[in-house]
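[1] 3D, please:
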Amino acid sequence: MHVAIAGNIGSGKTTLAGLLAKHYGWKVQYEVTEDNPYLYDFYSDMQRWAFHLQVYFLGRRFKQIVEIQKSKDNIVQDRTIFEDAHIFATNLHAMQLMSDNDYTTYLELFELMSSLIAPPDLLIYIRASVPTLVRQIQRRGRDYEVGIRLDYLKNLNTCYENFIQSYQHPKLIIDVDKVNFSDNPKDVSEVLSKVDAITNGLF
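    Predicted structure coming up:
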């Protein structure tokens, strides 16, 4: 089984992935950001490095999902390849931080890659308002995220909402403005019950 977690920067994807992996005994595939050679440059000059960053993420994500789909293990994945294209690259293009030519080239790469893979068995979308995202980003204290623009986070949220409404495969939406699975055991139980209800129906 392949469960993937989608959500904006700071929404709690990594935390939820860890909780699910621990509870169900699943293996977890985290999004690796620390060794990304473009992150610091991107947040200091988005227009200059947007295409480079997104192509790097796309390649890494494709490699990860190919490995997941070859595996016989139950795996929970932190962020999906679909977010790379439908959320992040789309947002950068809309904000005129990625040129038309770069965006077209990027989408051609994504369409080729996505034709070779299957969607996850379950997509869990973590919805969060911008104030919640900012609070959680500040809480984790990553240096390269200090200067994230509020309009960037807001526009990403809009892209996420458009994407999740059009997503036609099994999905679960968790609103972390209302459900605090990071700190509240009762909310953790509520999330697990919802995951149980869907996965039991799938398998």
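[2] Please list all residues in contact with the most centrally placed residue in the chain.
    Computing the C-alpha centroid of the chain and ranking residues by CA atoms, centre = their mean puts R79 first, at 3.1 Å. Shown here is R79, whose contacts under the criterion CB atoms under 8 Å, 6 or more residues apart in numbering are 4-7, 13, 31, 61. Quick note: C-beta positions are derived from backbone N, CA and C, even for glycine.
[3] 10 Å instead, please
    Under the criterion of CB atoms under 10 Å, 6 or more residues apart in numbering, the contact list for R79 reads 4-7, 9, 13-14, 17, 29-31, 33, 57, 61, 64, 87-88.
[4] Dihedrals phi and psi, it?
    Dihedral pair for R79: phi 80, psi 150, per degrees, to the nearest 10.
[5] What remains of the contacts of R79 if I keep only buried residues?
    Applying a neighbour-count criterion of 16 or more other CB atoms under 10 Å, the buried members of the contacts of R79 are 4-7, 9, 13-14, 17, 29, 31, 57, 61, 64, 87-88.
[6] Mind checking which of these are in helices?
    Among the buried ones among the contacts of R79, DSSP state H puts 13-14, 17, 57, 61, 64 in helices.
[7] Now do stretch 33-42, average pLDDT.
    If you average the pLDDT over stretch 33-42, you get 82.
[8] Going by secondary structure, I148 is in what exactly?
    Remark: I148 resides in no helix or strand, with elements defined by DSSP states H and E.
[9] show me the contacts for it.
    By CB under 10 Å, 6+ apart, the contact list for I148 reads 9-10, 43, 46, 133-134, 137, 142, 156.
[10] if we can go back for a sec, measure the residue nearest to the centre of the chain to S99 for me?
    24 Å (CB to CB, to the nearest Å).
[11] try R60
    To S99, R60 is 22 Å away according to CB to CB.
[12] now Y125, what's its secondary structure?
    Judged by DSSP: H, G, I helix; E, B strand; the rest coil, the three-state class of Y125 is strand.
[13] For it, give the beta-bridge partners.
    With DSSP bridges as the criterion, the beta-bridge partners of Y125 are A6, I173.
[14] On the pLDDT front, check it for me.
    In the prediction, the pLDDT value recorded for Y125 is 97.
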